[in-house]
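>>> Quick one, fold the following:
(one chain, ligands or ions: 1)
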Amino acid sequence: MSRRSAGAEGARRGRSGPAGRARESGAMRVLVLTGTRPDIIKSASVVHALEAEGCQTFLVHSGQHEGAVSALYRFLEMQPFAVVRLGPRGTRLAELNARLLDTLDPVMARVRPDVVVVQGDTTTALAGALLGFYQRVPVAHVEAGLRSGGCDEPFPEELNRRLITRIATWHFAPTPLAVACLRREGVALKAITMTGNTVVDAALFGYRRLGPRAPEESYAPRLIVVTAHRRENWGAGIAEIGRGMRRIVERFADVSVLWPLHANPEAAAAVRAAWDGLAPDARARVRLVDPLAYPDMLRALRGAWLLVTDSGGLQEEAVTARVPVLITRRQTERPEVLSCGAGRLVGADARRLEAEVARLYRSPAKWEAMRPARSPFGDGTAGARIAAVLTRAWATGRHAPRPTTTNGQARAAVAS
Ligand SMILES: CC(=O)N[C@@H]1[C@@H](OP(=O)(O)OP(=O)(O)OC[C@H]2O[C@@H](n3ccc(=O)[nH]c3=O)[C@H](O)[C@@H]2O)O[C@H](CO)[C@@H](O)[C@@H]1O
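Next up is the predicted model:
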C-alpha cells in the first residue's frame, strides 16, 4: 500500500491532519472508499461537499482498478489518503473479495472513521460495507436502489447492490425509481434520501474545469462515440456491435466513429476485427483508441451526435450532455434514460443498431426528441445533499450504527 497523503492534510483545502491528529479535532471522520474509475468519478462531489462542511475525509482507493487513476484524482481535485495495491491476481471474484477484505480491514481500523461511504455496486463497495459492519461503523450507500430484475444480471453487481442495502444506515438514491425499489425491499423511508446522481455533479464540475469548447473539438458533423465493456457483451456481443457500426459507417458518408477500446485485450481484438478490409475512405472516419482520460471523454461527449454504449455511467452522462444514446443491452438498471426519451435499448444486435441509427439520421426531429432539456439524474447537487444529511446526523448524534434496512412491518414479518 502506498500512502499519498495523511488524512486530508495534503488535500484540497488543507483542513485535516494525519489520522491520529485529525481524531482530536472533533470533526466527523469519513472514510470514502473507491475502487474503479466510475467510483472515483461518482465520489468526487461527495468528498468536495464533505470537506466544505468541515468533515475530515479519508479517501481510500481499494486497488480493484489499478490503471491510470492518479490523473483522474488530480482532475477531480481529490487526494487519496491511501491507495491499496492488491498485487497480481487472477479474475476470481472470491480472490478479489478476500483480498479486499483483508487489505482494507487494517486501513479502516487505522482511520477509525465515524462513517464509511461506499458507491454503487462494485466488489469494493460490498467489501467496504461488510467491513463497516464488522468494525461497527455505519455505512452510507451512494447510488442506492438501482435494480435490474434478477439477482445475477449484471453479475455480480446486482447482488452486491442488494447486499449493501441490507447493511447500510443511509441510502442515497439517485432517482424516485431507486427510492421506490428500496421501499419495496422494506427500507425505512427516513433512511432514504433522494439526491440525484453524483455523476451529474462530476460532469458539471468537469465541464466547468474544461471551459468552453475549443475549435479543435469540432468533430465531423455526426460523431458517434461507442463503448462496449459489459461482461454480458464480451465475445459475440462486441463483435455484433462492431458489425453494426461498420454497416453504419459504410452506409452514411458523413458519420464518423470514436471508439475507446476496453482494456481487456480480447474485447479490443473483437472490435478491431470488425473493421478489417474496410475501404480506406470509410476507414479514415473510424478512430479506435485506448480508453480516454475522463476529461477527453467529456470533450468527446459534448461533440457527439450519438452515443452507442453498454456503460452505466455514460448513459447518465449522455443525458446530461444532451446526446441521444442507444444502449447495447437487453435491459438497463437506469430505465429513467428510456422513460425520459433520451435512450433506446437496441441489444447487441447489428441490424437493430443500424436501423435505429438510420431512423435518427433521416429524422432530425426524432433525434431532437431524444435530447430532453432536464436530466432525470439530477441537477448537480447530489454531493451537497449527501454531505448535508451525514453532517446533520453527526450534529444530532444520530450517526451510531444501527440496522435501518427493515421497517416495522418487515421486522414483524421476519419475526413471525
Ligand atoms: C452493472 C453496471 O452498470 N455497473 C456500472 C459499471 O460502470 P460503468 O458501466 O459506468 O463503467 P465505465 O463505462 O467503465 O465507466 C463510466 C465512466 O468512465 C468514463 N469513461 C469511460 C470510458 C473511457 O474511455 N473513459 C472514461 O473516462 C465515463 O465518462 C464514465 O464516467 O461498472 C461500475 C464498476 O466498475 C459500477 O459501479 C457501475 O454501476
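
>>> If you count contacts, what does the longest helix along the chain end up packed against?
Here the longest helix in the chain is taken by residue count, with DSSP state H as the criterion, and it is helix 93-111. Packed against helix 93-111 by the contact rule (3 or more Cβ pairs under 8 Å, 6 or more residues apart in numbering; DSSP states H and E) you find strand 29-34, strand 56-61, helix 123-134. The C-beta positions use only the backbone N, C-alpha and C, and glycine is treated the same way.

>>> Switch these over to CSV; also include mean neighbour count, distance to the ligand and mean pLDDT.
Compiled in CSV, the helices and strands packed on helix 93-111 are given as follows (neighbours: other Cβ atoms under 10 Å; distance: least, Cβ to the nearest ligand atom, whole Å; pLDDT from 0 to 100):
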stretch, mean neighbour count, distance to the ligand, mean pLDDT
strand 29-34, 28, 10, 98
strand 56-61, 29, 13, 97
helix 123-134, 24, 7, 98
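
>>> Of the ones you listed, which is nearest P106?
Relative to P106, the nearest member of those by Cβ to Cβ is helix 123-134, separated by 10.1 Å.

>>> helices or strands next to the closest one in the packing?
strand 29-34, helix 93-111, strand 115-119, strand 139-142, helix 157-167.

>>> can you redo the ones you listed as JSON lines with distance to A52?
Formatted as JSON lines, those follow (distance: least, Cβ to Cβ, whole Å):
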{"stretch": "strand 29-34", "distance to A52": "12"}
{"stretch": "helix 93-111", "distance to A52": "20"}
{"stretch": "strand 115-119", "distance to A52": "15"}
{"stretch": "strand 139-142", "distance to A52": "17"}
{"stretch": "helix 157-167", "distance to A52": "26"}
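
>>> Mind checking these for the one nearest to A382?
With Cβ to Cβ, the closest approach to A382 among the helices and strands packed on helix 123-134 belongs to strand 139-142: 8.0 Å.

>>> What is that closest one packed up against?
helix 37-52, strand 115-119, helix 123-134, helix 157-167, strand 170-173, helix 382-395.

>>> any residues touching it, and which ones?
Counting contacts by Cβ atoms under 8 Å, 6 or more residues apart in numbering, the residues outside strand 139-142 that touch it are 42-43, 46, 115-120, 125, 128-129, 132-133, 164-165, 167-172, 195, 198, 386, 390.

>>> got the CA positions of it in PDB?
Coordinates of each C-alpha in strand 139-142 appear next as PDB, following Å, rounded to 0.1, in the frame of the first residue of the first chain:
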ATOM      1  CA  VAL A 139     -22.300   2.800   6.200                       C
ATOM      2  CA  ALA A 140     -23.600   5.400   3.800                       C
ATOM      3  CA  HIS A 141     -24.500   4.000   0.300                       C
ATOM      4  CA  VAL A 142     -24.300   6.400  -2.600                       C
END
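
>>> Strand partners (parallel or antiparallel) of it?
Neighbouring strands of strand 139-142 in its sheet, by DSSP bridges, are strand 115-119 (parallel), strand 170-173 (parallel).

>>> and the longest one, is it in reach of the ligand?
No - Strand 115-119 does not reach the ligand (Cβ under 6 Å from any ligand atom); its nearest approach is 6.9 Å.

>>> which stretch among the helices and strands packed on helix 93-111 comes nearest R222?
strand 29-34 (35.2 Å).

>>> and the closest one, what does it pack onto?
Short answer (3+ Cβ pairs under 8 Å, 6+ apart): strand 29-34 packs on helix 37-52, strand 56-61, helix 93-111, strand 115-119, helix 123-134.

>>> What helix or strand is V319 located in?
Element membership for V319 (DSSP states H and E) is helix 312-320.

>>> I'd like the distance from that helix to the chain centre, please.
Here the centre of helix 312-320 is set off from its chain's centre by 9 Å, with Cα atoms, centre = their mean, to the nearest Å.

>>> Within the sheet, what are the partner strands of the following helix or strand past it, with directions?
Beyond helix 312-320 in the direction of the C-terminus, DSSP H and E gives the next helix or strand as strand 325-327. Pairing partners of strand 325-327, with direction, according to DSSP bridges: strand 306-309 (parallel), strand 343-345 (parallel).

>>> Need those strands in a markdown table (columns: mean pLDDT).
Below are the strands paired with strand 325-327 laid out as a markdown table (pLDDT from 0 to 100):
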| stretch | mean pLDDT |
| --- | --- |
| strand 306-309 | 98 |
| strand 343-345 | 98 |
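
>>> Looking at the ones you listed, spot the one closest to the ligand.
Each of those was scored for nearness to the ligand using Cβ to the nearest ligand atom, and the closest is strand 306-309 (7.2 Å).

>>> Name the residues of the protein found near the ligand, please.
Counting by Cβ under 6 Å from any ligand atom, the residues of the chain that sit close to the ligand are 36-38, 41, 120-122, 154, 157, 227, 229, 260, 291-292, 294, 297, 311-314, 317.

>>> Give me the buried entries from these.
Judged by neighbour count, with 16 or more other Cβ atoms under 10 Å as the criterion, the buried members of those are 36-38, 41, 120-122, 154, 157, 227, 229, 260, 291-292, 294, 297, 311-314, 317.

>>> Double-check S256 against A282; I have them as touching.
No - with contact defined as Cβ atoms under 8 Å, S256 and A282 do not form a contacting pair (9.8 Å).

>>> what is in contact with these two at once?
Counting by Cβ under 8 Å, 6+ apart, the residues touching both S256 and A282 are V249.

>>> Okay, domains of the protein per the record?
Residue ranges for each domain of the chain read 19-196+381-415, 216-369, as given by automatic domain parsing.

>>> Confidence-wise, which of those is weakest overall?
Averaging pLDDT over each of the domains of the chain singles out domain 19-196+381-415 as the lowest, with a mean of 89.

>>> And that one, how far out from the chain middle?
Averaging C-alpha positions (Cα atoms, centre = their mean) puts domain 19-196+381-415 13 Å from its chain's average.

>>> Check stretch 282-292 too.
Relative to its parent chain, stretch 282-292 has a centroid offset of 24 Å by Cα atoms, centre = their mean.

>>> got it, and stretch 222-230?
17 Å.

>>> which other residues reach it?
Looking at stretch 222-230 with Cβ under 8 Å, 6+ apart, the contacting residues turn out to be 154, 237-238, 241, 245, 248, 252, 254-260, 262, 264, 267, 271, 300-301, 303-311, 314, 323, 328-329, 348, 357, 361.
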